[in-house]
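Colleague: here's my sequence, what's the structure:
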Amino acid sequence: MGKKGAGSIKADEWRLLATIYLPIALVILWGEQAKHAELLKQSMALFQAITIEWVDKLYSCHPHVAIHRKRTIVHMAFHIYDFLLLFGPIVGWWCFPIEGLISVLQKINSNNHIGGEHEKTVVTTWMHSVNLRRWINRKDCPKLLHQFHRLYSMFITNKKGSRKDPELNIGSNSKECAYYEYEGMQFSRASTHLGNSLVSFLDPNGVAVFGSIEKIEMINPDKVQFVIRPQEPLPHNTNDPFKPFPHFPARTYSSKMSDITVIVNPAQVIGHYARFDFSGNRAVLVDLSRG
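Modeller: Numbering: from 1, shown residues only. Here you go, the predicted structure:
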């Protein structure tokens, strides 16, 4: 992103920039500098979707735009309520999946075989993939096809370096897994894939806790548990540059992990989170769950 080879920025990439990368970068860079306080506050108003406040302060923070009317590209934000009534939940009509598909299609090498031949190849390949997945999900799917699919999946993931040692026996009554899938979410132990090990879960009091999965233990075929090391909270009297922006889904914690581990049932997990360590032994955590 930002380089010529990346091409033009798509809608989903703009969304990631505005909801994760830019806000975090600006708060870390400007959050403790008084000279940029107002500019940071105005920028975070946009990122927090406080559209009215963002438009009101547009002229004071950016005087060079005063010659223009307050008609910005965030105009649609004022009509989200109407669109929800007309079309239902946003996830059903936003453009991010289509933009992502366009990006994939643009990167396919056609060797100038356009005008029907290239398009036919893409559709045929897609149909073959769909039919294969349909067969694998059928109850009468041949065992040989299931075995081939399992071996092929292990080969691909091991080549990427994201999954190794699918199952490691650690006792007669239980075994440790490198990864586990639950309700469409992929989980891994930290030694296998750090990103997929970072999860948020509910403690017995219903409070969200952030931590990293150290072990995935299969007690029996019907019971799996995660051994999670929680993230240490931010020490007292330590500045939290994200505190002034409660509507942005980021919180500051210590970059250190707890000395203790907790046992968590997969049903307690809310989703994944992202972590970035910055100055002063601090880490900013962003909740990635869509619940």
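
Colleague: all the strands of the chain, residue numbers only.
Modeller: 167-169, 175-177, 179-182, 185-188, 198-202, 208-220, 223-230, 250-254, 262-264, 269-278, 282-287 (DSSP state E).

Colleague: for the protein, where's the lowest mean pLDDT among helices and strands?
Modeller: Least confident element among the helices and strands of the chain, by mean pLDDT, DSSP states H and E: strand 167-169 (a mean of 45).

Colleague: got a list of what the closest residue to Glu214 other than its chain neighbours touches?
Modeller: Nearest non-adjacent residue to Glu214, counting by Cβ to Cβ, 6 or more residues apart in numbering: Val227, 5.0 Å away. (C-beta placed from N, C-alpha, C; glycine too.) By Cβ atoms under 8 Å, 6 or more residues apart in numbering, the contact list for Val227 reads 213-217, 261-264.

Colleague: apply 6 Å and report the result again.
Modeller: Counting by Cβ atoms under 6 Å, 6 or more residues apart in numbering, Val227 touches 214-215, 261.

Colleague: now those residues as CSV including neighbour count, pLDDT and distance to Pro142?
Modeller: Formatted as CSV, the contacts of Val227 follow (neighbours: other Cβ atoms under 10 Å; pLDDT from 0 to 100; distance: Cβ to Cβ, whole Å):
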residue, neighbour count, pLDDT, distance to Pro142
Glu214, 16, 95, 38
Lys215, 19, 94, 35
Thr261, 17, 95, 42
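
Colleague: out of these, who's nearest Glu181?
Modeller: Of all the contacts of Val227, the one with the least separation from Glu181 (Cβ to Cβ) is Lys215, at 16.4 Å.

Colleague: how about the nearest residue to that closest one, chain neighbours excluded?
Modeller: In space, Lys215 is closest to Val227, 3.9 Å off (Cβ to Cβ, 6+ apart).

Colleague: relative to Gly271, how far out is that neighbour?
Modeller: 19 Å (Cβ to Cβ, to the nearest Å).

Colleague: do Leu16 as well
Modeller: Computed as Cβ to Cβ, the Leu16 to Gly271 distance reads 16 Å.

Colleague: what about this protein, any weak spots by pLDDT?
Modeller: 49-56, 65-78, 154-174, 290-291 (pLDDT under 70).

Colleague: can we see that at 50?
Modeller: The model of the chain has pLDDT under 50 over residues 159-172.

Colleague: quick one, domains of it?
Modeller: The chain breaks down by automatic domain parsing into domains covering 4-107, 165-287.

Colleague: tell me the most buried of these?
Modeller: domain 165-287 (a mean of 16; mean count of other Cβ atoms under 10 Å).

Colleague: how far is it from where the chain is centred?
Modeller: Offset of domain 165-287 from its chain centre (Cα atoms, centre = their mean, to the nearest Å): 14 Å.

Colleague: kindly report the same for stretch 101-116.
Modeller: 27 Å.

Colleague: any idea how far Gly195 is from the nearest residue to Glu13 once chain neighbours are set aside?
Modeller: Nearest non-adjacent residue to Glu13, counting by Cβ to Cβ, 6+ apart: Met1, 6.4 Å away. From Met1 across to Gly195, the span is 18 Å (Cβ to Cβ).

Colleague: same check, this time on Lys35
Modeller: Taking Cβ to Cβ, one finds Lys35 at 35 Å from Gly195.

Colleague: and for the residue nearest to Glu13, the neighbour number?
Modeller: Other residues within reach of Met1, judged by other Cβ atoms under 10 Å, total 9.

Colleague: columns distance to Met127 on top of the domains of the chain, output as JSON lines?
Modeller: Below are the domains of the chain laid out as JSON lines (distance: least, Cβ to Cβ, whole Å):
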{"stretch": "domain 4-107", "distance to Met127": "16"}
{"stretch": "domain 165-287", "distance to Met127": "24"}
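
Colleague: out of those, the one nearest Gly115 is which?
Modeller: Of the domains of the chain, nearest to Gly115 by Cβ to Cβ is domain 4-107, at 15.4 Å.

Colleague: quick one: the helices in the chain, in order.
Modeller: 11-16, 22-30, 37-47, 51-56, 58-61, 80-87, 96-106, 117-136, 143-160, 194-197 (DSSP state H).

Colleague: these into JSON lines, with extra columns for distance to Phe248?
Modeller: What follows is the helices of the chain, written out as JSON lines (distance: least, Cβ to Cβ, whole Å):
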{"stretch": "helix 11-16", "distance to Phe248": "14"}
{"stretch": "helix 22-30", "distance to Phe248": "6"}
{"stretch": "helix 37-47", "distance to Phe248": "6"}
{"stretch": "helix 51-56", "distance to Phe248": "13"}
{"stretch": "helix 58-61", "distance to Phe248": "18"}
{"stretch": "helix 80-87", "distance to Phe248": "18"}
{"stretch": "helix 96-106", "distance to Phe248": "20"}
{"stretch": "helix 117-136", "distance to Phe248": "38"}
{"stretch": "helix 143-160", "distance to Phe248": "32"}
{"stretch": "helix 194-197", "distance to Phe248": "21"}
